[in-house]
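Asker: This is a predicted model, with the sequence first.
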Amino acid sequence: MKRIVLALLLLVMSGCDSAAQNQPQTNQPLIETGQQLAAPKQALPFSFEVKPETFELFVESGGSRERASEPLPARRVEQLQKSEQEVSWSYPDDKLQVRIRQAADHLQITLTSTGTESFSWPLVKAPAYMLPLGEGKWIPAGDKVWQSFLREESLTFSESFSMRFFALNHEKYAIFYMVDNMFNNTLDFAVDPEISLRFTHEFPTINHDKSYSFRLYVTQNDPVQIAGLYKHVIQQQGEFATLAQKAAANPNVEKLYGAPHFYLWNKTFLSEDDVQWDALKKAAWRRLYGLARAAFGWQQGGRAGGHRATAGNPAAGLHRAVPAQGDSGRPQLRAALPRLLRSAVVRPRRRSKSESADPKRREAA
């Protein structure tokens with residue numbers, strides 16, 4: 001877990017897939033590229049197959065074949081075309097066009113509305129997921145705690161995901177979806193009996209862009225490789241800038257260096273009831289007291305100002321163990337203060353559905 005968080009921070013962030021074996025076979029034709037994609041540093045070469053009627057997508061790399069998207073209900077297909085580098089078709093009843101283009105290192109998958117207001121694809125299942133929730137999470141599909149947390153959960157992509165991707169961890173490799181459009185997307189989770197997720201895009205009438213698209217890569221089951229692949233893509237798209245480059249464009253960025261920051265998570269802000277004030281006061285004082293002893297070389301023993309140490313005055317009874325050295329200990333104390341600040345935040349309890357639905361209870365919170 002630490003490796004996953006570290007990889008995602010540096011960036012900006014098992015078992016076989018039995019679902020493919022258990023899926024009933026149909027007589028629907030497969031469209032297969034039969035070619036291996038050239039692989040850059042982070043990506044692995046792969047080929048793909050697709051069933052237009054169900055939009056079921058498979059990838060194969062290193063002799064291992066995995067499903068990249070689960071089948072949707074069968075649809076009527078028109079305008080089916082295939083060339084060496086591209087497959088396209090339309091769903092006339094859904095008013096949607098699909099295009100899959102083979103690039104050197106990925107598949108470019110584009111869905112364009114010709115009248116539909118929303119469409120759900122892909123629907124994915126995998127033994128585990130790497131999702132950029134907060135600082136990055138590795139989520140085993142069979143984990144009971146994550147199943148309880150994500151059961152029937154719906155997340156707005158632009159609000160909940162810190163980066164524009166999600167990754168599926170299969171036995172031999174990871175399937176990496178890079179989302180080209182961050183907005184108007186929702187991820188709906190289900191547990192049946194393991195975690196799966198469905199990606200839905202809405203097409204607002206005021207938005208002239210009537211398409212959403214993905215770059216699909218295959219890479220190693222390694223958070224560092226996944227993070228490096230994401231960095232590679234955003235560099236290609238001209239979206240990567242160092243903090244120094246941002247400060248050159250806006251000098252106010254330099255004011256953020258070393259500044260404390262706080263995370264707000266879940267569906268509500270911190271309220272007064274979410275903090276255990278008595279416990280916070282005691283914990284904060286104990287930490288500050290311990291940091292001061294370490295920074296200034298205080299030791300227990302003797303008297304300070306003629307007073308013995310008490311619960312209300314724990315600094316009494318301390319004396320400096322080393323000669324005073326001006327402010328030499330204060331930088332150590334300042335450097336340690338962020339740990340004290342982190343201890344002051346208590347994770348808020350999750351609101352029940354009744355609380356979320358009751359305006360008076362929300363106002364009181």
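Answerer: That came through fine.
Asker: which secondary element of this protein has the worst mean pLDDT?
Answerer: Least confident helix or strand, the chain: helix 18-22 with a mean of 35, by mean pLDDT, DSSP states H and E.
Asker: Partner strands of the helix or strand containing residue 124 and their direction?
Answerer: Residue 124 belongs to strand 118-125 when assigned by DSSP states H and E. Using DSSP bridges, the strands paired with strand 118-125 in its sheet are strand 195-202 (antiparallel).
Asker: And residue 84, what's its pLDDT?
Answerer: pLDDT recorded at residue 84 is 82.
Asker: Next: the one 4 residues further on.
Answerer: With respect to pLDDT, residue 88 scores 98.
Asker: repeat for residue 336
Answerer: What the model reports for residue 336 is a pLDDT of 58.
Asker: rewinding a little: buried set for the strand holding residue 124?
Answerer: Neighbour counts over strand 118-125 (16 or more other C-beta atoms under 10 Å) mark 119, 121-125 as buried. Backbone N, C-alpha and C define where each C-beta goes, glycine included.
Asker: possible to save the residues you listed as CSV with pLDDT?
Answerer: CSV is the format used below for the buried residues of strand 118-125 (pLDDT from 0 to 100):
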residue, pLDDT
119, 98
121, 98
122, 98
123, 98
124, 98
125, 97
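Asker: Return the closest of these with respect to residue 82.
Answerer: Checking the buried residues of strand 118-125 against residue 82 by C-beta to C-beta gives residue 121 as the nearest, at 19.3 Å.
Asker: Show me the shaky parts of the stretch 1-150 of the chain.
Answerer: For the stretch 1-150 of the chain, residues meeting the criterion pLDDT under 70 lie at 1-40.
Asker: show me where it has strands.
Answerer: Along the stretch 1-150 of the chain, counting by DSSP state E, counting those that start in this stretch, strands occupy 31-32, 47-51, 56-61, 64-69, 78-82, 86-91, 96-102, 107-113, 118-125, 128-131, 137-140.
Asker: in its sheet, what does the fourth one sit against?
Answerer: Meaning strand 64-69. Strand 64-69 has its sheet partners listed here by DSSP bridges as strand 56-61 (antiparallel).
Asker: Run through who's touching the strand it pairs with.
Answerer: Under the contact criterion C-beta atoms under 8 Å, 6 or more residues apart in numbering, strand 56-61 has outside partners 20, 44-51, 65-72, 122, 172-173, 175, 216, 218.
Asker: Which of these are buried? Put it as a PyMOL command.
Answerer: The PyMOL command for the buried members of those (criterion: 16+ other C-beta under 10 Å) is given here:
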select buried, resi 44+46+47+48+49+50+51+65+66+67+68+69+70+71+72+122+172+173+175+216+218
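Asker: Got phi/psi on residue 252?
Answerer: Torsion angles at residue 252 (phi, psi; degrees, to the nearest 10) stand at phi -60, psi -20.
Asker: Can you tell me how far it is from residue 259?
Answerer: As for residue 252, its distance to residue 259 is 12 Å (criterion: C-beta to C-beta, to the nearest Å).
Asker: cool, and residue 184?
Answerer: Taking C-beta to C-beta, one finds residue 184 at 32 Å from residue 259.
Asker: Pipe the strands of the stretch 1-150 of the chain into JSON lines and attach distance to residue 284 per row.
Answerer: Below are the strands of the stretch 1-150 of the chain laid out as JSON lines (distance: least, C-beta to C-beta, whole Å):
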{"stretch": "strand 31-32", "distance to residue 284": "63"}
{"stretch": "strand 47-51", "distance to residue 284": "55"}
{"stretch": "strand 56-61", "distance to residue 284": "52"}
{"stretch": "strand 64-69", "distance to residue 284": "49"}
{"stretch": "strand 78-82", "distance to residue 284": "66"}
{"stretch": "strand 86-91", "distance to residue 284": "59"}
{"stretch": "strand 96-102", "distance to residue 284": "56"}
{"stretch": "strand 107-113", "distance to residue 284": "51"}
{"stretch": "strand 118-125", "distance to residue 284": "44"}
{"stretch": "strand 128-131", "distance to residue 284": "33"}
{"stretch": "strand 137-140", "distance to residue 284": "29"}
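Asker: Among these, which comes closest to residue 200?
Answerer: Among the strands of the stretch 1-150 of the chain, the nearest to residue 200 by C-beta to C-beta is strand 118-125 (4.4 Å).
Asker: Let me know the angle separating that closest one from strand 96-102.
Answerer: Taking axes from the mean of the first three to the mean of the last three C-alpha atoms, to 10 degrees, one finds strand 118-125 and strand 96-102 inclined to each other by 50 degrees.
Asker: what does strand 118-125 rub up against?
Answerer: 17, 19, 55, 57, 67-70, 72, 94, 96, 111, 113, 141, 166, 168, 177, 194, 196-203, 214.
Asker: 6 Å instead, please
Answerer: The contact list for strand 118-125, computed with C-beta atoms under 6 Å, 6 or more residues apart in numbering, reads 19, 55, 69-70, 96, 168, 196-200, 202.
Asker: Strands of the stretch 151-300 of the chain, residue ranges please.
Answerer: Using DSSP E, counting those that start in this stretch, strands in the stretch 151-300 of the chain cover 154-156, 165-169, 174-179, 185-191, 195-202, 211-219, 298-300.
Asker: and these, which is most packed in?
Answerer: Highest mean neighbour count of the strands of the stretch 151-300 of the chain: strand 165-169, a mean of 24 (counted as mean count of other C-beta atoms under 10 Å).
Asker: Show me what the mean pLDDT comes to for it.
Answerer: Strand 165-169 shows a mean pLDDT of 97.
Asker: Give me the sheet partners of it and which way each runs.
Answerer: strand 128-131 (antiparallel), strand 174-179 (antiparallel).
Asker: burial of residue 221, as a residue count?
Answerer: Using other C-beta atoms under 10 Å, residue 221 has 18 neighbouring residues.
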